[in-house]
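Chemist: How does the following fold in three dimensions:
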Amino acid sequence: MKSYTASDYLQATTSESLINLTMTGDNTWSSERFTLTTTVAKIDNGIMITPTLQYSGECDRYLEAIEIINIKLPHNALRFLRFGLNMPGDPVRFGSIDKNGLHPPAIPLDNSFYTENDTRHLLSNSSLLAFATMDRKQLTLIGNSTFKVSEGTIILSCDKTTGQMQLIYKAKLDGLRITNDFRKNLDPIVIITGDDLNSLLEQWANHTATQIIPLIPATTPTGWNDWQYYRNEKTQEDVLDSAEVIAELKSQGYPLDFVQVDGGFCMHLSEWSMPRSSFSDGIRALSQKVTGMGLKFGLWLAPYIQNLETKVVKGHPEWLLLDKNGKPVKMPNSNVGPSSLIDYSLDESLEWLCELVKMFVNDWQVTWIKLDGPNYALYRLGRLRNPSMTITEMLIRSFEVIREAAGPDVLVEGEGMMGLALGRVDMHRVQTDNHPKWYQNNQKSQPYAPQVYGKELIMAFMHNRWWCNHRENIILRNNPSELVAEQTGDGNSVEQIFSEPEFRTQLTASALSPGGLLLTDPLKDLQRYEERMTWISKLLPVYPKAAQIIDQFPDQRYASLYRTQVNDDFTIIGMTNWSEQIQDFTVPLTDNDEYYLFSFFDRKNLGIVSGKLTVKGLTAHDSKLLALRRKTGQPQLLSTDMHLMQGAVDIGKCEFSDNMLTIEVVHFKQDDAKLYLVAAGKKISEITTDAKRWTVDDFDPEFPILRFEGNAPMTKIKIHWA
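Modeler: As a prediction, the model looks like this:
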């Protein structure tokens with residue numbers, strides 16, 4: 001570990017020049033005016049480095065960034081897990097790097113973080129990086145600890161000729177003004193090592209969550225959102241149509257509470273107090289109608305970028321972010337059209353933001369604020385009007401104002417910078433928008449669905465540690481939206497739809513990476529497709545425990561194998577084929593006991609496995625959800641058809657005693673349910689139950705199926721065996 005604190009020199013970047021700081025003592029680096037000192041403390045499996053920066057110059061300087069670590073690593077090739085903690089759309093991927101570049105090779109998606117020059121390959125990361133030796137035996141994780149000053153930028157690079165690896169960690173300070181006798185504590189850096197990636201990720205998440213109290217909802221928020229079908233073109237009638245279905249489902253016991261209106265409800269897409277003509281009754285009236293149905297009302301808010309036609313941009317040019325020439329930054333294209341950015345380093349703009357949130361909460365009775373943005377890349381197009389703070393510090397001010405104005409009873413969902421949102425939002429998007437497509441613009445060189453679900457699964461470890469993860473939506477329809485168009489290879493503009501294998505992959509990701517879940521289809525239309533509508537009950541309630549990665553640091557971009565350990569005797573295995581070919585998969589088991597294996601989508605018992613399980617012939621883009629139950633030698637439950645987690649949330653008590661298997665079914669939908677059983681050489685002699693009706697399919701006497709109509713919320717079943 002000491003090698004990480006032994007950089008020969010570090011660089012500071014000011015607005016005018018590069019400045020070299022050389023090591024002048026233990027954990028001290030100096031130039032003529034700058035001094036960086038670090039303290040090093042031991043933590044479990046690693047160290048925490050806390051840097052302090054001092055400046056003794058006679059004139060003001062504007063500091064862009066400073067390195068804290070710059071060392072050579074004793075490797076000529078490494079495996080890596082590149083994290084996307086910058087934004088929900090910031091790519092995540094596995095791979096390896098050596099003198100020949102990235103493996104698998106970089107694709108257009110990687111251009112945001114992978115570059116190369118004449119001598120080196122450069123892989124940049126925001127806040128967190130994990131890497132391993134090629135044999136996967138030595139794992140290292142390096143990441144930020146507090147996110148108070150900067151998110152932290154980590155660069156892993158490799159010399160094209162020698163293969164020499166280099167690691168740089170620097171704090172971006174965004175033109176921070178420093179004056180004589182300046183002193184600032186920067187964010188600590190955590191470095192931990194081990195041999196299991198899941199353990200390292202969980203340790204880092206737990207460590208960072210102790211630096212500020214996380215906000216985690218008591219129950220997982222669920223409901224409906226309009227975005228993935230309607231985009232900006234919905235009407236108040238569209239919202240109310242689906243709200244009626246949500247209210248009807250809730251009356252039937254479905255755990256659905258929220259109706260959330262996304263972008264497009266107001267003029268200029270960001271004139272918050274002025275609804276469009278399609279919402280002519282006003283947002284307050286819409287909120288009252290939704291809450292009158294027994295539901296809660298949510299609303300989209302993006303206060304960081306504002307359309308040039310809005311009152312705040314026209315009336316307060318002094319609040320706008322300035323470029324290097326002193327003129328307001330203007331973006332010709334954004335999700336609210338031609339726009340500028342609000343500079344929240346000013347107290348006056350913060351006051352406007354506070355009143356805006358209070359209008360949402362007090363006047364419109366909004367109980368879930370979908371907070372879109374901010375984005376470092378956009379703010380780094382300009383300079384803060386108050387340069388005494390970094391962009392991170394400026395954004396923290398805005399998050400704290402939103403949190404205080406919203407109050408403790410309103411859910412605040414983050415969709416922007418992740419690190420600074422910790423402790424300030426209840427939920428956070430961890431991946432980019434879900435769409436019913438596998439490729440971007442129908443180009444195989446630009447996979448889209450793997451980017452969404454692959455990241456969602458990798459980021460699952462943050463759920464209930466930093467906040468409630470939010471996957472935002474689940475798409476169940478099998479027809480395209482007329483309002484969402486995408487260019488295809490033949491020049492037409494249509495929305496793609498899921499193939500059946502791709503649909504199963506979406507469902508698998510949603511089961512294994514828990515968090516907030518919103519339906520997003522026009523529900524009155526969806527009701528006409530019973531086979532898709534039934535998936536709602538199989539997704540809910542959301543199981544709270546996240547899956548762990550089995551195939552750590554794989555040769556492909558995303559891990560294919562995940563494990564959710566429900567209890568000592570019951571495991572859910574997720575298996576996804578990200579490739580374009582049929583593949584076989586093998587999963588090592590943690591012991592040599594015998595287990596029954598059941599495939600949920602196939603509704604099929606796959607027999608008994610021991611030591612490992614092998615699945616052959618998994619279709620391209622397809623997934624399987626497998627229930628693995630330890631063989632007891634007595635009659636036992638194998639699986640259910642009520643929920644993707646196959647008994648983890650839909651079964652309460654389940655025990656065998658005195659030749660009787662007692663099962664309590666606790667799912668809200670039991671009108672036509674199945675329990676898949678193991679007879680263990682015995683035969684059902686009697687069933688006593690309060691179910692309305694039941695029958696046994698014992699075509700295969702060793703694996704009988706009990707089909708029943710229960711009494712939700714609980715049905716008691718006692719199966720007697722001869």
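Chemist: Please make it C-alpha for all contacts and neighbour counts, starting now.
Modeler: Will do.
Chemist: Where do the strands of the stretch 1-150 of the chain begin and end?
Modeler: Taking DSSP state E, counting those that start in this stretch as the test, the strands found in the stretch 1-150 of the chain are 9-14, 18-25, 28-30, 34-43, 46-55, 61-73, 77-82, 93-98, 101-103, 114-116, 120-126, 128-132, 139-144.
Chemist: Point out the other helices and strands that the fifth one packs with.
Modeler: In terms of contacts (3 or more Cα pairs under 8 Å, 6 or more residues apart in numbering; DSSP states H and E), strand 46-55 is packed against strand 34-43, strand 182-185, strand 189-194.
Chemist: Highest mean neighbour count out of those strands?
Modeler: Of the helices and strands packed on strand 46-55, the one with the most neighbours on average (mean count of other Cα atoms under 10 Å) is strand 189-194, at a mean of 22.
Chemist: thinking again about what came up before, now tabulate the helices and strands packed on strand 46-55 in TSV and tack on mean pLDDT and distance to Val290.
Modeler: Conversion of those to TSV gives the following (pLDDT from 0 to 100; distance: least, Cα to Cα, whole Å):
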stretch	mean pLDDT	distance to Val290
strand 34-43	96	50
strand 182-185	95	48
strand 189-194	98	46
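Chemist: which regions of the stretch 451-600 of the chain sit below the pLDDT cut-off?
Modeler: Scanning the stretch 451-600 of the chain for pLDDT under 70 picks out the ranges 486-493.
Chemist: Please apply the same query to the chain.
Modeler: 1-2, 486-493.
Chemist: Helices along that one, start to end?
Modeler: Using DSSP state H, the helices of the chain run over 197-209, 227-230, 236-251, 283-292, 311-315, 347-358, 376-379, 391-406, 449-458, 500-512, 523-526, 530-533, 535-539.
Chemist: Would you mark the buried spots in the fourth one?
Modeler: I take that to be helix 283-292. Judged by neighbour count (16 or more other Cα atoms under 10 Å), helix 283-292 contains these buried residues: 283, 286-287, 289-291.
Chemist: likewise the first one?
Modeler: Residues of helix 197-209 classed as buried: 197, 200-201, 203-209 (neighbour count, 16+ other Cα under 10 Å).
Chemist: Could you export those as a markdown table, including distance to Thr37?
Modeler: Formatted as a markdown table, the entries for the buried residues of helix 197-209 read as follows, by distance: Cα to Cα, whole Å:
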| residue | distance to Thr37 |
| --- | --- |
| Leu197 | 31 |
| Leu200 | 27 |
| Leu201 | 28 |
| Gln203 | 26 |
| Trp204 | 24 |
| Ala205 | 26 |
| Asn206 | 26 |
| His207 | 23 |
| Thr208 | 22 |
| Ala209 | 25 |
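Chemist: domain assignment for this protein?
Modeler: The record assigns the chain these domain ranges, following automatic domain parsing: 2-209, 222-307+345-539, 634-722.
Chemist: could you redo the ones you listed as JSON lines and give each row distance to Gln565?
Modeler: Conversion of the domains of the chain to JSON lines gives the following (distance: least, Cα to Cα, whole Å):
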{"stretch": "domain 2-209", "distance to Gln565": "13"}
{"stretch": "domain 222-307+345-539", "distance to Gln565": "11"}
{"stretch": "domain 634-722", "distance to Gln565": "10"}
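Chemist: so which of these gets nearest Gly337?
Modeler: For the domains of the chain, the distance to Gly337 is smallest for domain 222-307+345-539, at 6.0 Å, taking Cα to Cα.
Chemist: Ends of the closest one, what's the gap?
Modeler: Start to finish, the residues bounding domain 222-307+345-539 are 11 Å apart (Cα to Cα, to the nearest Å).
Chemist: tell me the contacts of Lys250?
Modeler: 256-257 (Cα atoms under 8 Å, 6 or more residues apart in numbering).
Chemist: Deepest in the core, which of the helices of the chain is it.
Modeler: Among the helices of the chain, the stretch with the highest mean neighbour count (mean count of other Cα under 10 Å) is helix 449-458, at a mean of 24.
Chemist: what's the closest non-adjacent residue to Trp721?
Modeler: What sits nearest to Trp721 in space, not counting adjacent residues and going by Cα to Cα, 6 or more residues apart in numbering, is Ile684, at 4.5 Å.
Chemist: Over to Asp521?
Modeler: Going by Cα to Cα, 6+ apart, Asp521 has Tyr229 as its nearest residue, at 6.0 Å.
Chemist: Roughly how far does that neighbour sit from His435?
Modeler: Here the distance between Tyr229 and His435 works out to 10 Å (Cα to Cα).
Chemist: can you check Ala377 too?
Modeler: To His435, Ala377 is 24 Å away according to Cα to Cα.
Chemist: got it, and Ser242?
Modeler: In this structure, Ser242 lies at 19 Å from His435, with Cα to Cα as the measure.
Chemist: pretty sure Thr662 contacts Phe656?
Modeler: Yes - between Thr662 and Phe656 a contact is recorded at 6.3 Å, counting by Cα atoms under 8 Å.
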